[in-house]
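Q: attaching a predicted model along with its sequence, questions to come.
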Amino acid sequence: MFINITDSKEANNKGSSGGLVHYLEKENRLAPKQKIEHWFNGQRSEIRPYEVITKIDNNIAKLGRGDAKFFLVNISPSQKEIAFLKKQYGEEGAKEQMKEFAASVMDEYARNFNRDGIGRHQDLIWFAKLENYRYYGHNDPEVKQGIKMRGERKEGEQMHVQVIVSRKDATNKIKLSPMNTSQGRNAEHSKKMGQFDRVAFKQSGESLFDRKFGFDRQLKETLAYANVQKNGKLMQREQLNVLIKAASKNYKSRSVANELALGVSQRLFVNTADMLAETGKSTADFLKILLEPCYPAGTDLVPEYLRKKGKKKSRGQQIKL
């Protein structure tokens with residue numbers, strides 16, 4: 001599950017939303033014989049483009065010319081996740097499930113600000129559009145290599161949802177910026193803009209999908225795994241490799257994956273050096289603490305050779321990003 005928030009460079013969000021709404025209507029123009037995909041917002045369906053533009057463009061009280069007026073949230077399930085939905089619900093049923101899922105994601109978006117009165121999607125002004133295809137752009141390697149043409153449809157399952165959400169809340173009084181990175185450290189700024197942790201928001205979307213649809217996400221398919229592999233230090237990646245080995249050798253790999261997705265990533269991203277120093281535990285012992293909730297008592301989670309290797313690790317080593 002890939003969820004990201006686009007700022008002004010791509011969305012051109014300091015003026016009218018008309019250009020973006022027109023762009024997101026492209027499938028309805030390119031495939032007139034196909035069933036029209038209307039805009040929706042969790043409360044209504046079959047919303048017309050002009051209403052989207054009007055509501056977004058008029059919800060800008062006390063925003064300056066150079067201020068962002070709206071943001072674009074991209075909700076893109078993987079091809080495996082799309083195939084899973086279509087198998088469970090059918091072609092049209094999968095689309096309806098994705099629309100309901102989008103509303104739940106916007107609930108998480110609202111809650112992530114930690115603002116009084118902002119806790120559900122109804123507290124926001126937002127409109128979403130389901131798209132069935134993706135198209136090659138000039139930055140895609142296939143286009144640069146001459147294999148594909150710009151504007152050509154991409155292969156495979158490409159269903160996704162694009163959400164335009166107003167910078168102001170539904171009352172047109174509260175400014176909400178998901179690009180705020182203070183996360184509570186600057187109290188005055190957070191009071192005005194709200195606290196927003198984009199990593200936590202992305203993680204909530206993945207966890208929500210798994211709970212809502214009963215999707216059996218493997219460890220290597222989690223955001224936590226990708227995050228550690230891309231941004232983690234050597235010690236963190238080694239810890240993750242132990243989790244993978246434990247998952248492959250034991251019979252509750254799903255429990256390990258869920259534990260990682262829901263909490264282990266955060267626990268890997270904190271400074272455990274102090275905890276290790278205070279308890280006298282090795283890195284291997286720390287891994288066992290992470291894994292124990294997933295297995296019956298007495299399960300040998302850490303092989304002896306990894307335990308010996310873990311003892312050689314410096315207890316003062318920092319393992320936070």
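A: The structure has been received and is ready for your questions. Residues are numbered from 1 along each chain as shown.

Q: so Met179 is in contact with Asn4, correct?
A: No: using C-beta atoms under 8 Å, Met179 makes no contact with Asn4, being 11.8 Å away. Any C-beta I mention is one placed from the backbone N, CA and C, and that applies to glycine too.

Q: state the distance from the nearest residue to Asn4 once chain neighbours are set aside to Gln88.
A: Distances taken as C-beta to C-beta, 6 or more residues apart in numbering place Asn74 nearest to Asn4, at 5.2 Å, with adjacent residues excluded. Remark: distance between Asn74 and Gln88 (C-beta to C-beta, to the nearest Å) = 23 Å.

Q: show me where pLDDT drops low in the protein?
A: Low-confidence segments of the chain, defined by pLDDT under 70: 8-11, 32, 181-194, 236, 239-240, 242-321.

Q: could you point out which element follows the helix of greatest length in it?
A: Taking DSSP state H as the assignment, the helix of the chain that covers the most residues is helix 79-111. Using DSSP states H and E, the helix or strand that follows helix 79-111 in sequence is strand 124-131.

Q: from Val165, how far out is Ala68?
A: 11 Å.

Q: er, Ser177 I mean
A: 11 Å.

Q: could you do Lys233 as well?
A: From Lys233 to Val165 the distance is 34 Å (C-beta to C-beta).

Q: the two: who's more crowded?
A: Val165 (23 against 15; other C-beta atoms under 10 Å).

Q: nearest residue to the more buried one in space, please, no chain neighbours.
A: Trp126 (4.0 Å).

Q: next, the angle from the longest helix of the chain to strand 124-131.
A: Angle, helix 79-111 to strand 124-131, by axes from the mean of the first three to the mean of the last three C-alpha atoms, to 10 degrees: 170 degrees.

Q: so which elements touch helix 79-111?
A: Judged by 3 or more C-beta pairs under 8 Å, 6 or more residues apart in numbering; DSSP states H and E, helix 79-111 is in contact with strand 70-76, strand 124-131, strand 160-169, helix 198-213.

Q: contact partners of the second one?
A: It stands for strand 124-131. 24-25, 27, 37, 39-42, 47, 52, 55-56, 59, 95, 98-99, 102, 106, 109-110, 118, 158-166, 168-170, 176 (C-beta atoms under 8 Å, 6 or more residues apart in numbering).

Q: can I get the buried part of these as one PyMOL selection?
A: Command for PyMOL, covering only those of the contacts of strand 124-131 found buried under the criterion 16 or more other C-beta atoms under 10 Å:
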select buried, resi 24+25+27+37+39+40+41+42+47+52+55+56+59+95+98+99+102+106+109+110+118+158+159+160+161+162+163+164+165+166+168+169+170+176
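
Q: show me what contacts Asn132?
A: Glu27, Gln34, Glu37, Gln158, Met159 are the contacts of Asn132 under C-beta under 8 Å, 6+ apart.

Q: in which helix or strand does the closest residue to Asn12 other than its chain neighbours reside?
A: Setting aside the residues directly before and after it, Asn12 is nearest to Gly19 in space (C-beta to C-beta, 6+ apart), at 6.0 Å. Assigned by DSSP H and E, Gly19 belongs to helix 18-24.
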